[in-house]
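Undergrad: Sequence first, predicted model second:
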Amino acid sequence: MKLSVLTTIFNGEPFIKDVIDSVLNQTFKNFEWIIVDDGSTDDTWNLLKDIDDERVQIHKLNTNHGVGFASNIALKMAKGEYIAKVDVDDIYVRERFKIQVDFLDSNPDIDVVDSFIDYFPHDEEAEKSSKYKYCQEIYSKYINRELTSKEIHEELYWGCIIINSVMMARKNIVLEVGYCDEMSLAEDYYLFYKLNERNVKFFKIPITLANVRIRKTSTTMVNSDKSKELTESIKENFLIHYIKKDTRSLLIWGAGSYGENILFYLEKKLNIQVEGFIDSNIDLDRKKKGDKTIFYFKNIDLKNYKIIVASTYKCEIVDSLRKMELKANEDFYVM
């Protein structure tokens, strides 16, 4: 078996028809599809039982355990050389599996791949939401960048630059870590972070292979604060190591509300002193924000500081820092 496709579902009734069409109509045919119903209380299970395809295996958990637990069950059942994740509410281009399988076959040094994605709103309410606007206007620019494996390695210490719902990987590599059973949020970042610590090589195929649905009732949307907290806890030790590994003073690039939140997190939670802010607006140079001074980035020698990037314009800032020959995770870190 070449490929095992893994899906966990909790109350996915409205989306099942779309995802079935999306997976079973793939041009690549040599796969098994393992679907774990994680204790759904709607009509999900009955709809799954109607699937008439010998490649599909369905398994029901009597109670909801969370996506980490359910993902590990699916992973342990997989017989394929590769595994691919599929989310019940996303839609995939017909060539997704073929493109990713061919890539892994042709690049034995790469262990995990994803791709570019597009976002679409589930309904009018989702279309008007701040989450959809953020994904469309800001996050998509960050996630859909052509990156080297080295850059992905660096950036996985900042956040989840790999999209789980369009991930394909060598199964033996993923089994070395597995998902965290206790995590119902950020379980994907936990997996990728742990693999990254082992120097597993990632790659992002610069083609859009998935359309990711934004809906206001998704688990991540409903529990966004908890998801953010878990993400911070996963990378916290690395962040502290970055800050404390030399004696340079610390500046936060971004004097807006996000920068203020990071200042509070660093000084109040981690007990780390911040000297001030950097900003791209020259009009703010030498102005005060509380007891901190704001510096215009061209008026100071950034190499004399450690920098925490805390801005919605992080793509542009990271590009600028790299052009200045500053090194990721040595001279700057992105929150």
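TA: Nice, thanks for sending it over. Numbering: from 1, shown residues only.

Undergrad: Find me the pLDDT at residue 122, would you?
TA: What the model reports as pLDDT for residue 122 is 89.

Undergrad: I'd say it and residue 211 touch.
TA: No - assessed by CB atoms under 8 Å, residue 122 is found out of contact with residue 211, at 11.3 Å. Where C-beta positions appear, they are placed from N, C-alpha and C, glycine not excepted.

Undergrad: Quick check: closest non-adjacent residue to residue 321.
TA: Leaving out its chain neighbours, the residue that sits closest to residue 321 by CB to CB, 6 or more residues apart in numbering is residue 332, at 5.1 Å.

Undergrad: Count residues in the vicinity of the one you found, would you?
TA: Close neighbours of residue 332, defined as other CB atoms under 10 Å, add up to 24.

Undergrad: One more: the one 3 residues further on?
TA: For residue 335, the count of nearby residues is 22 (other CB under 10 Å).

Undergrad: One more: residue 248?
TA: If we define neighbours as other CB under 10 Å, then residue 248 has 14 of them.

Undergrad: Could you count how many residues lie near the nearest residue to it once chain neighbours are set aside?
TA: Leaving aside its sequence neighbours, residue 248 sits nearest to residue 306 (CB to CB, 6+ apart; 4.8 Å). The local packing of residue 306 (other CB under 10 Å) involves 20 other residues.

Undergrad: cool, and residue 56?
TA: 18.

Undergrad: Then the one 5 residues further on?
TA: Applying other CB under 10 Å, we find 16 residues neighbouring residue 61.

Undergrad: from memory it sits against residue 35, does it?
TA: No - counting by CB under 8 Å, residue 35 is not a contact partner of residue 61; they are 11.4 Å apart.

Undergrad: residue ranges for the strands of this structure, please.
TA: Per DSSP state E, the chain has strands spanning 3-9, 31-38, 56-61, 82-85, 91-92, 112-121, 168-170, 202-214, 249-253, 276-279, 288-289, 292-296, 305-309, 332-334. These are given in chain order.

Undergrad: what angle separates the longest one from strand 112-121?
TA: Per axes from the mean of the first three to the mean of the last three CA atoms, to 10 degrees, the angle that strand 202-214 makes with strand 112-121 is 20 degrees.

Undergrad: So what are the sheet partners of strand 202-214 and their directions?
TA: Strand pairing for strand 202-214, determined by DSSP bridges: strand 91-92 (antiparallel), strand 112-121 (parallel).

Undergrad: Let me have those strands in CSV, extended by distance to residue 27 and mean neighbour count.
TA: Shown next, in CSV, are the strands paired with strand 202-214 (distance: least, CB to CB, whole Å; neighbours: other CB atoms under 10 Å):
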stretch, distance to residue 27, mean neighbour count
strand 91-92, 11, 21
strand 112-121, 15, 20
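
Undergrad: Quick one: closest of the ones you listed to residue 227.
TA: strand 112-121 (17.1 Å; CB to CB).

Undergrad: Check the offset of that closest one from the chain's centre.
TA: Relative to its parent chain, strand 112-121 has a centroid offset of 10 Å by CA atoms, centre = their mean, to the nearest Å.

Undergrad: of all the strands of the chain, which lies closest to residue 157?
TA: Using CB to CB, the strands of the chain put strand 332-334 closest to residue 157, at 7.6 Å.

Undergrad: name the helices or strands packed onto that closest one?
TA: Other elements packing on strand 332-334 under the criterion 3 or more CB pairs under 8 Å, 6 or more residues apart in numbering; DSSP states H and E are helix 224-244, strand 305-309, helix 314-323.

Undergrad: Can you say which of those is packed in most?
TA: The highest average neighbour count among the helices and strands packed on strand 332-334, using mean count of other CB atoms under 10 Å, belongs to strand 305-309 at a mean of 22.
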